[in-house]
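Asker: Kindly return the folded structure for what I paste below:
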Amino acid sequence: MAEAACPASCGELLQGWLFGGEKLISCPIDWFSCVSVSEGVPIPHERPRMRQIVNLLLDYWQEPPEFTFGLRIEYQSTIPIAKGMASSTADIAATAQATARLLGKSLEHTELAQLCVKLEPTDSTIFKPLTLFDHLTAQTQIPFDWQPDIDILLLESPKTILTKAYHQQVHHSQLRANAPLLQQAWRQFCTANQRHDHYRLGEACTLSAIASQSLLPKPCFDPLRDLAEQTGIYGLNVAHSGSVVGLLFDSHRHDANYLRWWLHQKKISRHYPKIHQVRLIAGGVR
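Answerer: The predicted model follows:
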């Protein structure tokens, strides 16, 4: 048996039209999909994408396709599905790495990226550093050398949005219209990386979230921006093709209980009934 785990994402730190196409920087958090692959009879209720990535890998390594019938995939994941939290990417990437380990193969993150996008739009949680990524083609992969130390209040809405369905819609005109705002967010992000500046990072994320409102608006967005400004937290980020929102802060400098109280007092928690405190972590398959 071989095991692997891949983190979820609290939406994206940045997403929009950059360098001639849509790109993103995921926000990996300490919430994982854990997968084991072993020799044995497949379980009755697999997640389809897991088996699809196994079959894709067998073809990639030129292994007999019938090998798949002797591989058993088991998983443990509490990552909410269809909320913009990279649950599918976590499943696929962890399954791929576990399969590689079982078969004694090496699988570099660049190879993994190329394989994953063949199945569906893929989050950059598969990379260890924060990475600007073309989630549709895997052609752009720009890593950053800074790992920010940030806590997140993840606001989970009951609304579900299938990423595949979102990307089947044509958003190019709106994305292009928002390109100047994304350029500004990109510059702020690069400056934040150079200076290790959490507030600049928060500003970049907030700008990207503002741009996302014209594509997939989040309930109570303006009050959430007010909260960020009034409490002095770093900012907020969103799932650009999902429904979650993240409040970016430092638990040693900002009061998480006050943030929760404020959300309740302003009745924002009605729109986001589940609130999770998580941390921004390094990505990559473990």
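
Asker: what ranges of the stretch 151-286 of the chain fall below the confidence cut-off?
Answerer: 163-170 (pLDDT under 70).

Asker: Who are the contact partners of G202?
Answerer: The contact partners of G202, by CB atoms under 8 Å, 6 or more residues apart in numbering, come to 228, 233-236, 248. Any C-beta I mention is one placed from the backbone N, CA and C, and that applies to glycine too.

Asker: one more time with 6 Å
Answerer: Counting by CB atoms under 6 Å, 6 or more residues apart in numbering, G202 makes contact with 234-235, 248.

Asker: With C10 instead?
Answerer: Contacts of C10 (CB under 6 Å, 6+ apart): 27, 29, 152, 154, 246.

Asker: For T68, state which of these is nearest.
Answerer: I29 (31.4 Å; CB to CB).

Asker: Would you mind listing the residues in contact with the closest residue to L162 other than its chain neighbours?
Answerer: Residue nearest to L162 in three dimensions, not counting chain neighbours: A82, with 5.4 Å by CB to CB, 6 or more residues apart in numbering. By CB under 6 Å, 6+ apart, the residues touching A82 are 160-162.

Asker: Helix, strand, or coil at L236?
Answerer: State at L236, reduced to three classes by DSSP: H, G, I helix; E, B strand; the rest coil: strand.

Asker: My guess is it contacts L247. True?
Answerer: Yes. Here L236 reaches L247: they are 5.5 Å apart, a contact under CB atoms under 6 Å.

Asker: contacting residues around the closest residue in space to V41 that isn't next to it in sequence?
Answerer: Spatial nearest neighbour of V41, chain neighbours left out: R72 (6.1 Å); criterion: CB to CB, 6+ apart. Taking CB under 6 Å, 6+ apart, we find R72 in contact with 38, 40, 42.

Asker: List the beta-bridge partners for R72.
Answerer: Counting by DSSP bridges, R72 forms beta bridges with S38.
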